[in-house]
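>>> here is a sequence with its predicted model. Questions after.
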Amino acid sequence: VQLMESGGGLVQPGGSLRLSCAASGFTFSSSHMSWYRQAPGKGRDLVAFISNGAGSLTNYAESVKGRFTISRDNAKNTVSVQIYSLKPEDTAVYYCNINPPRSDYWGQGTQVTVSS
């Protein structure tokens, strides 16, 4: 199994980013997927969920509702999250994983830093 996140970077407050995760080694289309993040000195939190198959069900942490949009492409085995109106408190390492997450599936994550 491999989950490879990309798309992070340094962004000013109010900016946007699109994070992507390429998945391999498991049946992606059958798996619920989520994005998680871990801020410095804090635990890893779920921020966005998308159901398996067509991804008709999505859900978001309250702190990101209206600013994060999760999507999936089963043909490419990718899950993405579009992030708008970034805030300094969004600074974290972002990871994708199945939902519920498996400890042996975590990738390296992608760093998002929001700072002026």
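Yes, it's here.
>>> which residues of the protein fall in strands?
2-6, 9-11, 17-24, 33-38, 44-50, 58-60, 68-73, 78-83, 92-98, 110-114 (DSSP state E).
>>> please produce JSON lines containing the ones you listed, extended by distance to residue 104.
Bear in mind the C-beta positions are built from the backbone N, C-alpha and C, glycine included. Below are those laid out as JSON lines (distance: least, C-beta to C-beta, whole Å):
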{"stretch": "strand 2-6", "distance to residue 104": "10"}
{"stretch": "strand 9-11", "distance to residue 104": "28"}
{"stretch": "strand 17-24", "distance to residue 104": "14"}
{"stretch": "strand 33-38", "distance to residue 104": "15"}
{"stretch": "strand 44-50", "distance to residue 104": "15"}
{"stretch": "strand 58-60", "distance to residue 104": "24"}
{"stretch": "strand 68-73", "distance to residue 104": "21"}
{"stretch": "strand 78-83", "distance to residue 104": "18"}
{"stretch": "strand 92-98", "distance to residue 104": "10"}
{"stretch": "strand 110-114", "distance to residue 104": "19"}
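>>> per-residue confidence at the most centrally placed residue in the chain?
Residue closest to the average C-alpha location in the chain (C-alpha atoms, centre = their mean): residue 35, at 2.9 Å. Looking at residue 35, its pLDDT reads 98.
>>> that one pairs with what?
residue 48, residue 96 (DSSP bridges).
>>> repeat that for residue 22.
residue 4, residue 78.
>>> burial of it, as a residue count?
17 (other C-beta atoms under 10 Å).
>>> please apply the same query to residue 97.
Number of residues near residue 97 (other C-beta under 10 Å) recorded here: 25.
>>> find the nearest non-adjacent residue to it, please.
Using C-beta to C-beta, 6 or more residues apart in numbering and skipping residues adjacent in sequence, the residue nearest residue 97 is residue 105, 5.2 Å away.
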